[in-house]
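*Asks:* please find the sequence and the predicted model below.
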Amino acid sequence: MQCAWHRVRGSSCAFVLLPIALVSGDLLAQTRDLEEIVVTASRREQSLQDVPASVAVFDPEDYSLGGLNTLTDVIRYVPGVNFNNNGAPGQGSITIRGVANVFSTASVGIYVDDVPYGSSTAFAEGANFALDNLLGNVERVEIIKGPQGTLFGASSMGGSVRYITRDPSLTEIEGRLAADFSDTKDGDFSQLYRGYLSLPVVEDRFAVGLSGFWQEAGGFVDEAVRGIEDANDADLRGGTASLLFQATDNLKLELAYTDHKFDFANSNDVPFDPATGEPLAGRYTIQAPTDEPTEITYELLSGSAEWTTDFATATLSSSYQEFAQKAFLDLTVAFGPFVDDLLGVPVGTNTVALDLQIGTERWTHELRLTSPESQTFEWIAGAYYTTEESNNFQGAIVTPGPLDLVTQQFPSEYEEIAVFGNVTWYFSPQLDATLGLRLSSNETSVEFTGTGVLSGPNLPKETVEDDVETYLFNLRYRPSDNLSLYGRIANGYRPASANLSLIDPGTGEILSVPFVESDTLWSYEVGAKGEWLDGVLAYDASIYRIDWENMQVFRSFMNVNVGGNADSDVTATGIETSVTWRPNDAFTLIGSIAYTKSELDDDDASIGGLEGEQLPRIPELTWSLNGRYDFDIGNLQAFVGAGISYQDERKSNFIGGTAGDGTVIAPATPNFTMPDYTLVDVRAGVAFDRYSVSVYATNLFDEYGFQNASTLSPEFGTATVLRPRTIGAVLSVEF
């Protein structure tokens, strides 16, 4: 819907993930006995072993010991999940199982506890601002793969990412302080400070929790025009204050406020030649930016009440959130020659910058009833309501001009009302089945006002209403304590949306469709989780097929994108496997591999793709190995560890070519195939009493690669490059 030229920068094997999910502080003093991991992926507490779905769980603090503090760092070790980095903090998109974001409405739902994050519309770039909350007040992260339409609603087509926050302790004072200092090869020094404190004000009844972080992330790309080194540095800060009131043994009340702010002047989008893949100005040299910084802010106020009775547990959650980005982007390469031609001046006379302001305000409310655990029959029922208002302002600044290239804004609104529920029958202790249903009513509206050469006509408020049903069927069989088998059928969707009009300035023809229809998919999955050799080997494997209809996409006209739906359907098939080898308490090695084919079913001229083409930015193959060895040095507990991860090549766009009927299909923009790359991370540490120290190196062999790339012409593209080798140390204390 928005213009292309404003590209934003901006019973499962509970022990399979345990070797990675070590807690912080005196973690090195703990033995590594197998223990049950409890998750809430099914909206009730369950052992990971008992969840009939593929779920990855990790504690962010475990990875922080090795300097891995972002989603980009950690998701490399989660099979079937990819993070498309847009080159700056707070920006990027998550894809799961080949359900690509070929549009600006997210295909993966992101939640903070029970609160959905961000915008559900394309007008506020919902897909491009995936919440990276690993530095926040997070106890664990649950990544649930496959559509979650019944329990999590719209935009959870590929799956859901849930940040489960840390509750204050009602019984004792708890806290942790940590500092991370690092230096990047040919880059700047970085420092990160984190901490949390939990205070029981009234024992067993009332507690307060405080957490915060501040990071000065050193840059590593230079800006050649003005001779600025390490120009992509960033300042990140955030904090959370939470209150927990255990009013009675059966009634719990919680309130939390979170505030995050990211400031940076440049992304690490390096210009390159799509024909050769070579950087145009140097491996870590960016094009000349504007002088104004980018600022991203996020605030969340949430509250919940949980009342437990013999009949059910009632959970009421409400929240209010605000998200905003203010940015200036340099568009001279894309639009400078066009402006010079319009004004009849020599090429290179004018520069073009974009003043981009995007924001969302959102309320959500959910009431959920959860039956007690049972060996015969369990159920969940609930109602959900959300409303949001978003804005998107874009103003091109032509210097020296004068020219009004485009000045436009399109405020939008979204409202969703839903009821949902599921029931589980236990035919026997070994066999059970779950049926789920969600009925959703969505309403999206947008209006448009604009002036300038590239602006479309003013559009009065347009509204699209959509009623959607989503379903779930699980069958679970546990022939023994060491094996769990499941089958899962589920569907998901993204809501329909009004569209922006785009008119050909030469002919007056309306190029865009009046609205973007809802897209839907069905997923079919079977999986197995278990252990061999008394737990020495553990595994988690799944195979799936996804049938995706009416995929929401961008359609490009004269370097301007508007929304639409693909003419071709998509079929995604894949397999994911994680295996843990743990021959003793001291050593653990985890290997994972994922293979994904996500392809167009037919030739599709509307998006420039041919039958059988892999969707953009989806690697076919990813794999990783992650190992750790614990040992004693006198009275000290020590560890060494290493990880290696592989990312297959990915396309930036459809390639196009000659269709089966002889028609030549041109891609919307030129494709560039991003080469594969392999990253190695190492870490080591010691702990004594309440103190611990670890040292690490990320990207040990200084691999150069593109995490993301886009092309504006056959001669010019920009790519988000990997951070070079970084060496650092983490010091922490617990109390």
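*Replies:* That came through, no problem. Numbers count the residues shown, from 1 in each chain.

*Asks:* ok, which stretches of the stretch 51-200 of the chain are helices?
*Replies:* Assigned by DSSP state H, counting those that start in this stretch, the stretch 51-200 of the chain shows helices spanning 60-64, 71-75, 149-152.

*Asks:* reformat these as TSV; add distance to residue 399.
*Replies:* C-beta here means a position set from N, CA and C on the backbone, and glycine is covered the same way. As requested, the helices of the stretch 51-200 of the chain are exported to TSV (distance: least, Cβ to Cβ, whole Å):
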stretch	distance to residue 399
helix 60-64	43
helix 71-75	34
helix 149-152	46
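
*Asks:* how near is residue 413 to residue 325?
*Replies:* 19 Å (Cβ to Cβ, to the nearest Å).

*Asks:* cool, residue 697 as well?
*Replies:* For residue 697, the distance to residue 325 - Cβ to Cβ - is 33 Å.

*Asks:* what pLDDT does residue 470 get?
*Replies:* On pLDDT, residue 470 comes in at 95.

*Asks:* so what's it up against?
*Replies:* With contact set as Cβ atoms under 8 Å, 6 or more residues apart in numbering, residue 470 has these partners: 147, 149-150, 153, 437-438, 440, 490-493.

*Asks:* list the buried residues for whichever strand or helix holds it?
*Replies:* Element membership for residue 470, per DSSP states H and E: strand 459-480. Neighbour counts using 16 or more other Cβ atoms under 10 Å place 459, 462, 464, 466, 468, 470-472, 474-478 of strand 459-480 among the buried residues.

*Asks:* before we move on, what about stretch 215-234?
*Replies:* The neighbour-count check on stretch 215-234 (16+ other Cβ under 10 Å) flags 215, 217-223, 228, 230-234 as buried.

*Asks:* what about those residues, which are in strands?
*Replies:* 215, 217, 222-223, 234 (DSSP state E).

*Asks:* which of the contacts of residue 470 has the most neighbours?
*Replies:* Per-residue neighbour counts (other Cβ atoms under 10 Å) across these peak at residue 492, which has 34 neighbours.

*Asks:* mind checking which helix or strand residue 338 is in?
*Replies:* Under the assignment here (DSSP H and E), residue 338 is part of helix 332-343.

*Asks:* let me know the next secondary structure element after that helix.
*Replies:* strand 351-370.

*Asks:* contacts only, for residue 471.
*Replies:* Residue 471 is in contact with 149-150, 435-437, 489-491, counting by Cβ under 8 Å, 6+ apart.

*Asks:* same question, residue 273
*Replies:* Taking Cβ under 8 Å, 6+ apart, one finds 279-280, 715-717 in contact with residue 273.

*Asks:* and the residue nearest the centre of the chain, what does it touch?
*Replies:* Note on the chain: the residue nearest the mean C-alpha position is residue 94, at 3.6 Å, using Cα atoms, centre = their mean. Listed by Cβ under 8 Å, 6+ apart, the contact set of residue 94 reads 71, 75, 81-84, 106, 108, 110, 130, 158, 161.

*Asks:* with distance to residue 143 and neighbour count added, can I get those in a markdown table?
*Replies:* Shown next, in a markdown table, are the contacts of residue 94 (distance: Cβ to Cβ, whole Å; neighbours: other Cβ atoms under 10 Å):
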| residue | distance to residue 143 | neighbour count |
| --- | --- | --- |
| 71 | 10 | 22 |
| 75 | 8 | 25 |
| 81 | 6 | 24 |
| 82 | 11 | 26 |
| 83 | 11 | 21 |
| 84 | 15 | 23 |
| 106 | 14 | 30 |
| 108 | 9 | 26 |
| 110 | 10 | 23 |
| 130 | 12 | 25 |
| 158 | 10 | 32 |
| 161 | 5 | 26 |
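
*Asks:* so which of the residues you listed sit within strands?
*Replies:* Secondary structure from DSSP E places 81-84, 108, 110, 161 of the contacts of residue 94 in strands.
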